[in-house]
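>>> give the three-dimensional model of this entry:
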Amino acid sequence: MEKQRVLLVDGMALLFRGFFATSFRGNYMKTTKGMPTNGVYQFMRYFLDAVDTFNPTHVICCWDMGSKTFRTDLYDGYKANRPAPPEELVPQFELIKEVVASFNMPNIGLENFEADDCIGTLAKLYGVDDDVIILTGDQDILQLVDDGIQVAIMRKGQGNYEVFNQENFYDKKGIYPNQIVDLKGLMGDSADNYPGVKGIGEKTATKLLQEHETIDKLLENMDQLPKGVQTKIKNNMDMLHLSRELAEIKCDVPISCHLDSAIWAFDKTRVEEKFTELEFKNLAKLL
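Residues are numbered from 1 along each chain as shown. Down below sits the predicted model:
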């Protein structure tokens, strides 16, 4: 049987990227009723380009469901550095889900978990028999690369993707996908606002994992490490373990989505009606 190709879309990553790519000049694109639509419009441009590029048989869109998750319970500071979303973006959160639904695409999300956890769970499930491509701008998701799972990171401009897979991963990163969580544990993540081990950056963290494979093995061989690194780790031991826990994407969250409900086949009339309602004249041409 020929393998199906499942595209898992990190919805928030595309929406935020689309919003900021178009709003920096103060261009919020509004409907005649005053509804801002710039993030939704640019999301669709990114999305339709990706479908064109990767040619999926099935598509699913995953979402964060609010800022409170099990990670914020573990660590108060998690993502606490992020400002509130701009007021022009807020109404577009629901609007984009309506547009996604108009394509007969499932919108998947679960309270208390992030979109990444939903993506990880579905990717591991579908990757057994089919080919999965995850579309995101977020490097954290690289930990999911595996047999049957590729990650396409969106780069600057439209239609630029860097695709990571089992074959090219080590050449690109110097470590393997299953070491990404430990890398984040050591170096932290400034975007998600957890520190890892103070004073250890990406270079040192990568070198340590190339030599010792995992944090656990590294801790077993502490006496072999340079004195400065030993001191840093000893002073930040709790944060090292916590950062690693925060970095790990959960691949067993209680969601399900039958692939039959995600077949990429949409009713053009229904989509065009939605586009007309939002006054997206140019987008209809891209269908």
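>>> straight-line length of stretch 104-113, end to end?
With Cα to Cα, to the nearest Å applied, stretch 104-113 spans 24 Å between its terminal residues.
>>> what about the helices in the protein?
11-23, 38-54, 70-74, 90-102, 115-127, 169-173, 180-187, 202-212, 215-220, 227-235, 237-247, 268-277 (DSSP state H).
>>> quick one, domains of this structure?
Per automatic domain parsing, the structural domains of the chain span 5-174+252-282, 177-247.
>>> how about JSON lines for the helices of the chain, with mean pLDDT added?
Below are the helices of the chain laid out as JSON lines (pLDDT from 0 to 100):
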{"stretch": "helix 11-23", "mean pLDDT": "93"}
{"stretch": "helix 38-54", "mean pLDDT": "95"}
{"stretch": "helix 70-74", "mean pLDDT": "95"}
{"stretch": "helix 90-102", "mean pLDDT": "96"}
{"stretch": "helix 115-127", "mean pLDDT": "97"}
{"stretch": "helix 169-173", "mean pLDDT": "96"}
{"stretch": "helix 180-187", "mean pLDDT": "97"}
{"stretch": "helix 202-212", "mean pLDDT": "95"}
{"stretch": "helix 215-220", "mean pLDDT": "95"}
{"stretch": "helix 227-235", "mean pLDDT": "93"}
{"stretch": "helix 237-247", "mean pLDDT": "96"}
{"stretch": "helix 268-277", "mean pLDDT": "94"}
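>>> between those, which one is nearest to residue 255?
Of all those, it is helix 115-127 that lies closest to residue 255, at 5.6 Å by Cβ to Cβ. C-betas here are computed from N, CA, C, even on glycine.
>>> packing partners of that closest one?
Applying 3 or more Cβ pairs under 8 Å, 6 or more residues apart in numbering; DSSP states H and E, we find helix 115-127 packed against strand 5-10, helix 11-23, strand 58-62, strand 131-136, strand 149-154.
>>> switch to 6 Å and redo it
Using 3 or more Cβ pairs under 6 Å, 6 or more residues apart in numbering; DSSP states H and E, the elements in contact with helix 115-127 are strand 5-10, strand 58-62, strand 131-136.
>>> that older thread, of all the helices of the chain, which lies closest to residue 258?
With Cβ to Cβ, the closest approach to residue 258 among the helices of the chain belongs to helix 115-127: 10.7 Å.
>>> that older thread, now render the helices of the chain as a markdown table, adding mean neighbour count and distance to residue 82.
Listed next are the helices of the chain as a markdown table, based on neighbours: other Cβ atoms under 10 Å; distance: least, Cβ to Cβ, whole Å:
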| stretch | mean neighbour count | distance to residue 82 |
| --- | --- | --- |
| helix 11-23 | 21 | 10 |
| helix 38-54 | 20 | 16 |
| helix 70-74 | 15 | 11 |
| helix 90-102 | 18 | 14 |
| helix 115-127 | 24 | 15 |
| helix 169-173 | 14 | 25 |
| helix 180-187 | 24 | 17 |
| helix 202-212 | 17 | 21 |
| helix 215-220 | 15 | 27 |
| helix 227-235 | 14 | 27 |
| helix 237-247 | 18 | 14 |
| helix 268-277 | 14 | 30 |
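>>> for my notes, please list those helices in CSV and give distance to residue 284 for each entry.
As requested, those are exported to CSV (distance: least, Cβ to Cβ, whole Å):
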stretch, distance to residue 284
helix 11-23, 18
helix 38-54, 10
helix 70-74, 40
helix 90-102, 12
helix 115-127, 28
helix 169-173, 38
helix 180-187, 40
helix 202-212, 44
helix 215-220, 51
helix 227-235, 56
helix 237-247, 41
helix 268-277, 5
